[in-house]
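1. Quick one: sequence plus predicted model below, questions after.
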Amino acid sequence: MSEPFSTDSEALFPSLGPATQNGNRAPPVAWAPAPRAKPVLAPVYSESFALNQVESVRRTKEGRLLSVSDIIKGVQTKFKVKVEISSQLKTSQTSFSVKSDSQANVDAAKKALISDLSPVVSQLC
């Protein structure tokens, strides 16, 4: 039979040496970069809206319909906004999020997107 062992035994469980003061850290570098100034953030204006049936109604000079992505790229360039899009196939609803540093640009971009992507309704009598 083996002898029972004691957890207080120095032979079975030796104690660790003292912790070093500096550890394994590298010495400080004399040419470290200076602290940077924090950038001043401009306010961001955003607006979200949804359209039920998105279809392109704008045409090129040659008469072909512009794709939705072409219309969005044009709006982003013209009004200096960022447009994020998400679509739900089941409900055929497309959500738009328009962001810019100017509320006037957001409003103008929203108006352009709605007019360029809403279906044309005509009534026959």
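-> Arrived safely. Numbers count the residues shown, from 1 in each chain.

2. okay, CA-based contacts and neighbour counts for the rest of this
-> Will do.

3. Quick one: the helices in the chain, in order.
-> With DSSP state H, the ranges of helices along the chain come out as 68-79, 103-117.

4. Out of the ones you listed, which is closest to A37?
-> The closest approach between A37 and any of these, judged by Cα to Cα, belongs to helix 103-117 at 27.7 Å.

5. How about the contacts made by the residue nearest the centre of the chain?
-> The chain has E84 as the residue nearest its centroid, 9.0 Å off, counting by Cα atoms, centre = their mean. Neighbour list for E84: 96-98 [criterion: Cα atoms under 8 Å, 6 or more residues apart in numbering].

6. if you set the cut-off to 10 Å instead, what comes out?
-> 48, 72, 95-99 (Cα atoms under 10 Å, 6 or more residues apart in numbering).

7. and if you look at V98?
-> If you count contacts by Cα under 10 Å, 6+ apart, then V98 has 45-49, 76, 81-85, 105-107, 109-110, 113 around it.

8. on that earlier part again, mind giving me JSON lines with the helices of the chain and columns for mean pLDDT, distance to W31 and mean neighbour count?
-> Formatted as JSON lines, those follow (pLDDT from 0 to 100; distance: least, Cα to Cα, whole Å; neighbours: other Cα atoms under 10 Å):
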{"stretch": "helix 68-79", "mean pLDDT": "93", "distance to W31": "43", "mean neighbour count": "16"}
{"stretch": "helix 103-117", "mean pLDDT": "94", "distance to W31": "44", "mean neighbour count": "18"}
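
9. May I see those arranged in a markdown table, with distance to A37 as well?
-> Supplementary listing: the helices of the chain in a markdown table, determined by distance: least, Cα to Cα, whole Å:
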| stretch | distance to A37 |
| --- | --- |
| helix 68-79 | 30 |
| helix 103-117 | 28 |
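
10. Can you check what pLDDT the model gives L124?
-> pLDDT for L124: 64.

11. one step back: just the buried subset of the contacts of E84, please.
-> 72, 96-99 (16 or more other Cα atoms under 10 Å).

12. What about the contacts of E84, which are in strands?
-> Secondary structure assignment (DSSP state E) places 48, 95-99 from these within strands.

13. from the residues you listed, which two are the most distant?
-> Distances among the ones in strands among the contacts of E84 were taken as Cα to Cα; the most separated pair is S95 and K99, at 13.4 Å.
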